[in-house]
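Enquirer: Need coordinates for the below:
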Amino acid sequence: MSKRKYKKLAVAFSGPSNSGKTTLIVKVANILQDEGNKVCIVKHDPKDKARFDTPGKDSDKFSQTGADVAVVSPNRTTLFKKESSTIDELITLFGEFDYLLVEGLKTLPLPRISIFRDMLDESYFKVTNAIAFDNTIKYEDIPENIDKLDLNNPEQVVEWIENNAKRV
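Expert: Model (predicted):
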């Protein structure tokens, strides 16, 4: 029996609070896992407030997908490790995986999907490769050099990830 070769592809998601990042990441993780992929998720927690045991919170929702989850904040990584981690340390910690989905961490040099509803925030454009948006955003308001994705079509987002994610 041959040893399975993992893809080790990474992509990041950004966007303002309540734009739909967590919902989209959960949908994407579920689709990828239903296809037989091993998925890991990293959430940046800049305010150090995430808790795994709080039902309804983002980190709990991520945990419920069945994916490996790390919540990264300035003072700790919740993988029950009591210090912050670099993305490289997390990649090593996760070991073998097909897809790493990162929420936040705008400074990471990863292909990035930004999520917007109601209004665009142009400050994200310089770190964004694709924008997932719904009908509250005008298509023509998005710069031509940024790919456009339907926020309500996670299969389209998965296809973009498969074509654009970075091997890590």
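Enquirer: Would you agree residue 41 is in contact with residue 69?
Expert: Yes: judged on C-beta atoms under 8 Å, residue 41 makes contact with residue 69 at a distance of 5.1 Å. Yep, even glycine has a C-beta here, placed from its N, CA and C like the rest.
Enquirer: and after the helix or strand of the chain with the lowest mean pLDDT, which helix or strand comes next?
Expert: Every helix and strand of the chain was ranked by mean pLDDT, DSSP states H and E. The lowest is strand 76-78, at a mean of 69. The helix or strand immediately downstream of strand 76-78 is helix 87-94, counting by DSSP states H and E.
Enquirer: Tell me the buried residues in that following helix?
Expert: 87, 90-91, 94 (16 or more other C-beta atoms under 10 Å).
Enquirer: Show me the strands in the protein, by range?
Expert: 9-14, 39-44, 68-73, 76-78, 99-103, 112-116, 130-133, 147-150, 166-167 (DSSP state E).
Enquirer: among these, which is nearest residue 124?
Expert: strand 112-116 (4.5 Å; C-beta to C-beta).
Enquirer: what angle sits between that closest one and strand 9-14?
Expert: Here strand 112-116 runs at an angle of 30 degrees relative to strand 9-14 (axes from the mean of the first three to the mean of the last three C-alpha atoms, to 10 degrees).
Enquirer: Which secondary structure elements does strand 112-116 sit against?
Expert: The contact analysis (3 or more C-beta pairs under 8 Å, 6 or more residues apart in numbering; DSSP states H and E) places strand 112-116 against strand 9-14, helix 21-34, strand 130-133, helix 154-164.
Enquirer: quick one: buried residues of the second one?
Expert: For helix 21-34, the neighbour count (16+ other C-beta under 10 Å) marks 21-22, 24-33 as buried.
Enquirer: OK, contacts around the residue lying closest to residue 15 once chain neighbours are set aside?
Expert: Closest residue in space to residue 15, ignoring its immediate chain neighbours: residue 115 at 3.6 Å, by C-beta to C-beta, 6 or more residues apart in numbering. With contact set as C-beta atoms under 8 Å, 6 or more residues apart in numbering, residue 115 has these partners: 13-15, 19-21, 24, 131-133, 151.
Enquirer: out of these, who's nearest residue 165?
Expert: Residue 165 has its nearest neighbour among the contacts of residue 115 in residue 13, at 11.7 Å by C-beta to C-beta.
Enquirer: The closest one and residue 95, how far apart?
Expert: Going from residue 13 to residue 95 by C-beta to C-beta, to the nearest Å gives 22 Å.
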